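Participant: Predicted structure and sequence below. I'll ask about it afterward.
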Amino acid sequence: MSTLTHLECPECGRTFEADKPQTFCSHCKSPLLARYDLAAASRTLTPDALAKRPPGLWRWHEILPVRDPAFRFTLGEGDTPLLPVPRLAKRLGMANLWVKDESQNPTGTFKARGLVMAVSRAVELGLKAFVIPTAGNAGGALAAYAARARAEAHVFMPADAPQVNKVEVEAAGAHLVLVDGLISDAAKRAEKEAKKHGWWNVSTFKEPYRLEGKKVMGLEVAEAFGWDLPDVIVYPTGGGTGLVGMWKAFDELEALGWIGERRPRLVSVQAEGCAPIVRAFQGGEARARPWKHAHTIAAGLRVPSVFADRLILRALRATQGTAVAVPDAAILQAQHLLATMEGVFAAPEGAATLAGLQKLLAEGWIRPHERVVLFNTGSGLKYVS
């Protein structure tokens, strides 16, 4: 059983009932975080018990929000491989380098993790029609899981999104609306239509449970390292759900007694053409201002306005991490390098982490002996036209 107890605003501390649909804290304009009875969870959730369960995201069910197993929809998401990349490490002068390859999730990206959780919990709470603004991949994931749950999905996507994203949305029976502009423009349209039709909005951080699906990436990394966390995690950041989710996962594991207080230094990588988190971090700011004229080949990084900016920046600073922007040319070079040296055809967002690593190695911020994990958040095949 889930040990979910309540939802909490990380800004003002207000609590919200978990067993009714919730969005975000209207007072603080902040995402809500799911809280669990971790003492109760520890009675059945142990490393030994976990290792004996069938693979997949749902083996962590005590610290996930879905109460009734009948609503734990799945397409086989989670437990993606942590791949050692020794040839690439040697090329970079490093001793310990891995790629967490999220391309092996359903629909080819890490978005499956968040959307399976959002849809599963929402359907459990009686909701059956969903809407999402997306740069592309989240729309495909929502469409797939809505189909699995026999629910309705409405996807608002920039007209210049990759063609494969449009195809997969419609293939799963969802309603696709193409919008001239960026994901921020799609979000405005989606929000307007959601209010008009009563659709449940599963935008990034506008509901509490996509985060819970994404946090399992951090749980899996901890498990793969034998509960001795790596030194650095390099993560491509658009909306930042995975970064915040992993930070939350590590806190929960410490409360369970599985890890100590040491954390990986979290690194947010963005594209130079859209880097609101990098600008805010480097400027010592608590909030990230919207980025004007956002442009990059990495569609998932073209997020000019970040709703969870405070949480992302807090996670970076709390872990003594950093934020780095890389040019599109470096992303393409890194994509080629990763594919030719290790056989991993990364999405541009995932390749951006390698470009960021190269920059941080050159600056001496990452040291050659450190244990570093790069997150490839999706398959490069999603971008082939």
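Facilitator: Everything's here; your move. Note that the coordinates shown come from a computational prediction; the quantities given were computed from them, not determined experimentally. Numbering: from 1, shown residues only.
Participant: tell me the phi and psi of Ala129?
Facilitator: Dihedral pair for Ala129: phi -140, psi 130, per degrees, to the nearest 10.
Participant: For the residue nearest to Thr296 when sequence neighbours are not counted, list each beta-bridge partner.
Facilitator: Once flanking residues are discounted, Thr296 sits nearest to Ala271: 3.5 Å by C-beta to C-beta, 6 or more residues apart in numbering. Any C-beta I mention is one placed from the backbone N, CA and C, and that applies to glycine too. The residues listed as beta-bridge partners of Ala271 by DSSP bridges are Cys274, Val326.
Participant: who's in contact with Ala271?
Facilitator: Applying C-beta atoms under 8 Å, 6 or more residues apart in numbering, we find Ala271 in contact with Thr296, Ile297, Ala298, Leu301, Arg302, Ala325, Val326, Pro327, Asp328, Ile331, Ala352.
Participant: who wins for neighbours among the residues you listed?
Facilitator: Tallying neighbours with other C-beta atoms under 10 Å puts Ala352 at the head of these, with 36 neighbours.
Participant: what packs against the helix or strand harbouring it?
Facilitator: Taking DSSP states H and E as the definition, one finds Ala352 inside helix 348-363. Helices and strands touching helix 348-363, by 3 or more C-beta pairs under 8 Å, 6 or more residues apart in numbering; DSSP states H and E, are helix 86-92, strand 232-236, strand 265-271, strand 322-326, helix 328-342, strand 371-376.
Participant: Make a markdown table from those and add distance to Leu115 and mean pLDDT to it.
Facilitator: Output for the helices and strands packed on helix 348-363, formatted as a markdown table (distance: least, C-beta to C-beta, whole Å; pLDDT from 0 to 100):
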| stretch | distance to Leu115 | mean pLDDT |
| --- | --- | --- |
| helix 86-92 | 30 | 98 |
| strand 232-236 | 18 | 98 |
| strand 265-271 | 22 | 98 |
| strand 322-326 | 26 | 98 |
| helix 328-342 | 25 | 98 |
| strand 371-376 | 17 | 98 |
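Participant: Gly181: which of these is closest?
Facilitator: strand 265-271 (17.5 Å; C-beta to C-beta).
Participant: Buried residues, the closest one. List them.
Facilitator: Of all the residues in strand 265-271, those buried under the rule 16 or more other C-beta atoms under 10 Å are Arg265, Leu266, Val267, Ser268, Val269, Gln270, Ala271.
Participant: Skipping adjacent residues, who's closest to Gly242 in space?
Facilitator: Going by C-beta to C-beta, 6+ apart, Gly242 has Lys214 as its nearest residue, at 4.5 Å.
Participant: Pull the contacting residues for the one you found.
Facilitator: Lys214 neighbours (C-beta under 8 Å, 6+ apart): Phe110, Arg113, Gly114, Thr241, Gly242, Val244, Gly245, Met246.
Participant: Go ahead and list the helix or strand containing it.
Facilitator: Here Lys214 is assigned to helix 210-224, by DSSP H and E.
Participant: Any idea how many residues pack against the nearest residue to Gly350 once chain neighbours are set aside?
Facilitator: Using C-beta to C-beta, 6+ apart and skipping residues adjacent in sequence, the residue nearest Gly350 is Asn376, 3.2 Å away. Residues lying near Asn376 (other C-beta under 10 Å) number 29.
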